[in-house]
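Visitor: 3D, please:
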Amino acid sequence: MSKKNIYTWRLPIGILAMLMVMVMASCGGESEEAVKSPAVLTVYVYPPQKPIATRADSIEREEAEYAVKSLQIWIFEHETGNKVAYLDADVSLLNNTNHSAAYDLIMPEWFIVEKPNVDVYVFANVTTANAGVGFGESHSRENLNQATINNNFGLTSQNGYPVIELPPDGIPMTGVLMNQPVSGEAPRLRIGSEAGMVNTQLVRTTSRVQFVFGRPAGGPALTITDISIDAGMIPDV
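Guide: I've put the predicted structure just below:
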């Protein structure tokens, strides 16, 4: 009857401690990473709607009028006007779709707790080249409110007929949401109350309003006595 050989392995304390740390890290690393995931505020942006009338003379040009070539999003605390977040966004999510695109902005820790009402500013294709002024992360809510567009965005006329000449950077568009509540829990918050999600609609901006009237040849003369625009349709800033 043979004796069984018994071997005893002794590991140095330093190596044993290192192995224990590695095992603990491999077991708990994933959950720890999930806890550290930054909270984001999701802003839903809709592409610009197409009006009944357009200056484009072809489908290709009409599509070009509504192309989003750059997109910037600012989040401000409504009460103080302090900037909370900024994003130079990916425009590919908006083009060639009729649905809203979701953009996530990383929020500071204090915002996650307090969740104050916010003002949201979305600028598309707004550059110095096509709008006479450019904006970036450092600009305040007051800067955005006081922005004025100084030209007609390349929409010119030739022999009395409108001709579309699109700027290379696209036609400026904006979308603004004021005094909006924030709902949800970290790590994902969103604009709007718990009852419903709020979308930001991009709208083409303009620096002038032009009315064109006509009458049949030989018809009675046309007399305009008054033109008025409903309050709130065109902002004063």
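Visitor: what is the neighbour count of the closest residue to Lys69 other than its chain neighbours?
Guide: Spatially, and ignoring its direct neighbours in sequence, Lys69 is nearest to Gly170 (4.1 Å; Cβ to Cβ, 6 or more residues apart in numbering). In this view, the C-beta of every residue, glycine as well, is placed from N, C-alpha and C. When neighbours are counted by other Cβ atoms under 10 Å, Gly170 registers 23.
Visitor: now the one 3 residues further on
Guide: Other residues near Met173 number 20, with proximity taken as other Cβ under 10 Å.
Visitor: surely it meets Thr200?
Guide: No: using Cβ atoms under 8 Å, Met173 makes no contact with Thr200, being 10.8 Å away.
Visitor: sticking with the residue nearest to Lys69, tell me its helix or strand.
Guide: Counting by DSSP states H and E, there is no helix or strand that carries Gly170.
Visitor: next up, phi/psi of it, please.
Guide: Taking degrees, to the nearest 10, you get phi 90, psi 180 for the backbone angles of Gly170.
Visitor: one more: Gln201?
Guide: Dihedral angles (degrees, to the nearest 10) for Gln201: phi -100, psi 120.
Visitor: and what of Gly132?
Guide: Backbone torsions of Gly132, given as degrees, to the nearest 10, read phi 80, psi 0.
Visitor: and it, what pLDDT?
Guide: Note on Gly132: pLDDT of 73.
Visitor: Phe111: what secondary structure?
Guide: Under the three-state scheme (DSSP: H, G, I helix; E, B strand; the rest coil), Phe111 adopts helix.
Visitor: Glu63 now?
Guide: Three-state call for Glu63 (three-state DSSP): helix.
Visitor: could you measure from it over to Pro47?
Guide: From Glu63 across to Pro47, the span is 11 Å (Cβ to Cβ, to the nearest Å).
Visitor: more neighbours, those two?
Guide: More crowded of Glu63 and Pro47, by other Cβ under 10 Å: Pro47, with 22 against 13.
Visitor: need the nearest residue in space to the more buried one, chain neighbours excluded.
Guide: Going by Cβ to Cβ, 6+ apart, Pro47 has Leu94 as its nearest residue, at 5.0 Å.
Visitor: what's the answer for Asp119, then?
Guide: Leaving aside its sequence neighbours, Asp119 sits nearest to Phe76 (Cβ to Cβ, 6+ apart; 4.5 Å).
Visitor: check which helix or strand covers the one you found.
Guide: Applying DSSP H and E, one finds Phe76 within strand 71-77.
Visitor: number of nearby residues for the residue nearest to Pro47?
Guide: Number of residues near Leu94 (other Cβ under 10 Å) recorded here: 22.
Visitor: measure it to Tyr66 for me?
Guide: According to Cβ to Cβ, Leu94 and Tyr66 sit 10 Å apart.
Visitor: shared neighbours of these two, which are they?
Guide: Jointly contacting Leu94 and Tyr66 under the rule Cβ atoms under 8 Å, 6 or more residues apart in numbering are Pro47.
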